[in-house]
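K.L.:
Sharing a model prediction with you, sequence too.
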Amino acid sequence: MIEIQGIDPTMIANNLTPAYPTHPGEVLKEEIEYRKISQRKLSEQMGISYKMLNDILNCRRPVTAQTAMLFEAALNIPADSLMRLQLKYNMWQVAANPSFMERLKQVRKYAAML
């Protein structure tokens, strides 16, 4: 975190965090629309079902390591970039779960006593 004396650290651009992370499906959907590739043709090329591809592109299904590598082969988008987006999205979803966050709080409390 960048700190500048007299300035609230949360107001420094490099310290800002987005309201929510981007699901990799959003990026992929924009890319195939830009390239004017049909979802059916892409699903056939990748060897996955149209439904699976559509679910990923509409953020209803996560990108796995396998699908990320297939997207990399088909669209030349680095698989590791897609996986990082997916990881950030997954972590955001977990952090938004109040019951899990309460459990996490309890674990941290217990760990502090050790």
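P.N.:
Cool, the structure landed. Here the structure is a predicted model, which is why all the values come from computation and not from measurement.

K.L.:
Can you give me the neighbour number for residue 29?
P.N.:
18 (other CB atoms under 10 Å). Any C-beta I mention is one placed from the backbone N, CA and C, and that applies to glycine too.

K.L.:
List the contacts of it.
P.N.:
By CB atoms under 8 Å, 6 or more residues apart in numbering, residue 29 lies in contact with 57, 58.

K.L.:
do that again at 10 Å, thanks
P.N.:
23, 39, 53, 54, 56, 57, 58, 59 (CB atoms under 10 Å, 6 or more residues apart in numbering).

K.L.:
again, but for residue 38
P.N.:
Counting by CB under 10 Å, 6+ apart, residue 38 has contacts 32, 44, 50.

K.L.:
cool, residue 24 as well?
P.N.:
56-57, 59, 62-63, 67-68, 71, 77, 81-89.

K.L.:
Let's see that with 7 Å instead.
P.N.:
Neighbouring residues of residue 24 by CB atoms under 7 Å, 6 or more residues apart in numbering: 63, 82, 85, 86.

K.L.:
What of residue 74?
P.N.:
Residue 74 sits in contact with 42, 45, 46, where contact means CB under 7 Å, 6+ apart.

K.L.:
Next: residue 12.
P.N.:
So residue 12 contacts 2, 4 (CB under 7 Å, 6+ apart).

K.L.:
before we move on, the earlier item: which one of the contacts of residue 24 sits closest to residue 95?
P.N.:
Closest approach to residue 95 among the contacts of residue 24 (CB to CB): residue 86, at 14.9 Å.
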